[in-house]
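Undergrad: Fold the stuff below for me.
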Amino acid sequence: MPALEKHTCSNFKELMGVIETFQEAHKTSWYRGVGNSTYGLSPSIFRHTKKKSIEQIQEMENELASVFEQRSPPFVAQTFDGEWEQMFFMQHYGIPTRLLDWTESPFIALYFALSSCDRTNAGKPKNDAAFWMLDPAAWNRGALKDISYDGGILNPNREQVKSYSPKGDLAERKNLPVMIYGTHNSPRIVAQRGMFSLFGKSVDPMEKSYKGGGFDAGVLQQVIIPKADRDNIATSLFRKGISDSTIYPDLHGLSLELKRSFGFTQ
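TA: Now for the predicted structure:
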């Protein structure tokens, strides 16, 4: 069983060194940033406070999709080409799904790790942040070891993903999450270069599944960014051209960037 490799980085240069080492060791790399290092790699629908079993979660997922189909038409100009496209669209507008966002850009993931931050009354960050690195192709080979999968990143049309479909048979669904490309049906998905973990029957976070065995060592790694160093690293990131308006190419992003530029921390 591989142990989860962890790093701690206190400045931008250290962090870039860890990223480059990971990239040199892995042909493909994905990244995810979270504002609190204690949060696990679980999709939003698994975080419900009362519904914890996969059967309860599946029922809730179906109900959410049904209500969305009924109530979204006044707000959505496009029509969805099947259940997968609707699922990706729902994910990017904050509706709970079995998807977990990743990006090919370490800078974008770092933005999310540093910008999502609870602060004290004095404006200081309360928590360490976490920055995750993943080899998605190697993960898929481990997750689908039972069918001797030897390919790379999947897409929703592949046979290996069929059992994971939103309206698929839960009894046929694979246990572990798989890494997939999404449909780029929103400007935000394109700007953030989004890709996803699609979870199966197991409700365990990815890091627990990884430590359970079946994966190559180093496929999933975590970087801790101490709370005392968050703002300095965020300043370095901004100087690299990664800002709120590049992540959110709309008025919301411009609003966030203006607030930050004028010293508003909340």
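
Undergrad: What values do phi and psi take at Val237?
TA: For the record, residue 237 is Leu, not Val. Main-chain torsions, Leu237, degrees, to the nearest 10: phi -70, psi -40.

Undergrad: Verify the contact between it and Phe107 for me.
TA: Yes. Contact criterion CB atoms under 8 Å: Leu237 and Phe107 qualify, at 6.5 Å. Glycine gets a C-beta too; all of them are placed from N, C-alpha and C.

Undergrad: Neighbour count: those two, which is higher?
TA: Leu237 (20 against 17; other CB atoms under 10 Å).

Undergrad: Contact partners for the nearest residue to that one once chain neighbours are set aside?
TA: Closest residue in space to Leu237, ignoring its immediate chain neighbours: Leu110 at 5.7 Å, by CB to CB, 6 or more residues apart in numbering. Shown in contact with Leu110 (CB atoms under 8 Å, 6 or more residues apart in numbering): Leu15, Tyr31, Gly33, Phe131, Ile233, Leu237, Ile242.

Undergrad: One more: Met1?
TA: By CB under 8 Å, 6+ apart, the contact list for Met1 reads Lys211, Gly212, Gly213.

Undergrad: List only buried entries from those residues.
TA: Neighbour counting by 16 or more other CB atoms under 10 Å classes none of those as buried.

Undergrad: Export those residues as JSON lines, with columns for distance to Thr120.
TA: Shown next, in JSON lines, are the contacts of Met1 (distance: CB to CB, whole Å):
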{"residue": "Lys211", "distance to Thr120": "33"}
{"residue": "Gly212", "distance to Thr120": "37"}
{"residue": "Gly213", "distance to Thr120": "41"}
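
Undergrad: Among these, which ones are in helices?
TA: Residues of the contacts of Met1 located in helices (DSSP state H): Lys211.

Undergrad: which one of the contacts of Met1 sits closest to Gly142?
TA: Distance to Gly142, by CB to CB, is smallest for Gly213 among the contacts of Met1, at 8.7 Å.

Undergrad: just the helices in the stretch 51-200 of the chain please.
TA: Secondary structure of the stretch 51-200 of the chain (DSSP state H, counting those that start in this stretch): helices at 54-71, 83-92, 106-115, 136-143, 187-192.

Undergrad: what is the mean pLDDT for the last one?
TA: Confidence over helix 187-192 (mean pLDDT, whole number) is 52.

Undergrad: Could you do stretch 170-177 as well?
TA: Mean predicted lDDT for stretch 170-177 stands at 94.

Undergrad: who touches it?
TA: Stretch 170-177 has contacts (CB under 8 Å, 6+ apart) with 54-55, 58, 100, 142-144, 163-164, 197-202, 206, 209, 214.
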